[in-house]
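S.K.: the following block contains a protein sequence and its predicted model.
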Amino acid sequence: MKKMNIPLIGILLILSIVVCPILYFAVGPTLDETQLEVLKTLSIIAACSAAYCFIVGEATGNNSQMDKLWSLLPIAYTWVIAVQGGMSARLVVMAVLATLWGARLTMNFARKGAYKLKFWEGEEDYRWAILRSKPPFHKRWVWMLFDLFFISIYQNALVLMTTFPALVAMKSDKPFGWLDAVAAALMLGFIIWETVADEQQWRFQTRKWALIKEGEKLAELPDPYNKGFNTTGLWGRSRHPNYFAEQSIWICFYLFTIAAGIGILNWSVIGALLLVVLFQGSSSLAEEISGGKYPEYEKYCQNVPRFFPGKKYGN
């Protein structure tokens, strides 16, 4: 079972610090005064969010503060851009799609108990506790630095960067066209795909734990619940169909810049690229955890693609 590569985090930070400026100056486009003012506003929001996530995360020991904001911030960012960009058809469509994506993801996280009236509370993503238990983070100060630079600063910067295509598209005079429609249709399709994947996983896990709470042992559960992990529906053709859709959504978001006439390659692609790299690490951690709990999971990994759908498991 392939384990998560901790140094990958350092690579992510280097990419975000070095590659984005290089792309900006090498391939453009440069931002005009209005776009720079909007970027300043968005950066202030991101900085405040990072400070909140770090302070509250350290004070409460709940490191899912950024997880709660992950689906909300892009909605705010894209609507700020749309309003400042004159509410052009392209920007409005991009903002609406980001809102649909965010609303769906927020609802999915909410039903897991992530949001409470006491906003600093709520269910923490189980992976943070597992990561904290790993040897590199046994020293409290090491985890604190990780919380500051990766969880709080880097993830906030990444979320901001995923919305850069909307910022770049602000200066386009090209009207909404067929490529915009294709990008919108694809993005909507992947939002639906992710919704279906999350719903299938929710139903599977809910039923599995209901059976276990009734006193049945995992190995004695009916198929497919006795495996412990989901191999039905989209999960039978992809180990992470939700991650596949999530990466595809933001790649489609970048397509709007091509439709806006900015060019096939421009610096706003950095958000989508870094998201792809992030999900390599995130999926490796998830598989390391599952592989340690379920005997058949390694076989599943050997026969089912990590992201892109393939042949159905068991066929």
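M.R.: Sure, I can see it.

S.K.: Pro305 - nearest residue in space that isn't next to it in sequence?
M.R.: Ser238 (5.9 Å; CB to CB, 6 or more residues apart in numbering). Bear in mind the C-beta positions are built from the backbone N, C-alpha and C, glycine included.

S.K.: was I right to think Gly228 contacts Gly291?
M.R.: No: at 10.9 Å, Gly228 does not count as touching Gly291 under the criterion of CB atoms under 8 Å.

S.K.: what touches both of these two?
M.R.: Listed as contacting both Gly228 and Gly291 by CB atoms under 8 Å, 6 or more residues apart in numbering are Tyr297.

S.K.: just the helices in the protein please.
M.R.: Using DSSP state H, the helices of the chain run over residues 8-14, 20-27, 33-60, 65-70, 73-84, 89-110, 126-132, 140-146, 155-162, 164-169, 178-213, 241-259, 270-293, 297-303.

S.K.: so which of those is the most surrounded?
M.R.: Of the helices of the chain, the one with the most neighbours on average (mean count of other CB atoms under 10 Å) is helix 164-169, at a mean of 26.

S.K.: residues in contact with that one?
M.R.: Residues from elsewhere that reach helix 164-169 (CB under 8 Å, 6+ apart): 29, 31, 35, 38-39, 42, 77-78, 81-82, 85, 90-91, 94-95, 98, 253-254, 256-257, 260, 262, 266-271.

S.K.: one more pass at 6 Å, please.
M.R.: With contacts defined as CB atoms under 6 Å, 6 or more residues apart in numbering, helix 164-169 is touched by 35, 78, 81, 90, 94, 253-254, 256-257, 260, 262, 268, 271.

S.K.: apart from its neighbours in sequence, what residue is nearest the one residue sitting closest to the centre of the chain?
M.R.: Residue closest to the average C-alpha location in the chain (CA atoms, centre = their mean): Glu246, at 6.1 Å. Distances taken as CB to CB, 6+ apart put Glu194 closest to Glu246, at 6.1 Å, once the chain neighbours are dropped.

S.K.: equivalent analysis for Ala98, please.
M.R.: Thr78 (4.2 Å).

S.K.: roughly how far apart are the one you found and Leu167?
M.R.: Taking CB to CB, to the nearest Å as the measure, Thr78 falls 9 Å from Leu167.

S.K.: same question for Ala82.
M.R.: The separation that Ala82 has from Leu167, given CB to CB, amounts to 11 Å.

S.K.: now do the shared contacts for these two.
M.R.: With contacts taken as CB under 6 Å, 6+ apart, not a single residue reaches both Ala82 and Leu167.

S.K.: just for this structure, where's the confidence low?
M.R.: Counting by pLDDT under 70, the chain has low-confidence residues at 1-17, 315.

S.K.: rewinding a little: could you dump the helices of the chain into CSV with distance to Tyr313 added?
M.R.: CSV is the format used below for the helices of the chain (distance: least, CB to CB, whole Å):
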stretch, distance to Tyr313
helix 8-14, 27
helix 20-27, 38
helix 33-60, 37
helix 65-70, 29
helix 73-84, 33
helix 89-110, 23
helix 126-132, 23
helix 140-146, 35
helix 155-162, 31
helix 164-169, 35
helix 178-213, 13
helix 241-259, 12
helix 270-293, 14
helix 297-303, 6
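
S.K.: between these, which one is nearest to Ala219?
M.R.: Evaluated over these, closeness to Ala219 peaks at helix 178-213, with 11.0 Å, by CB to CB.
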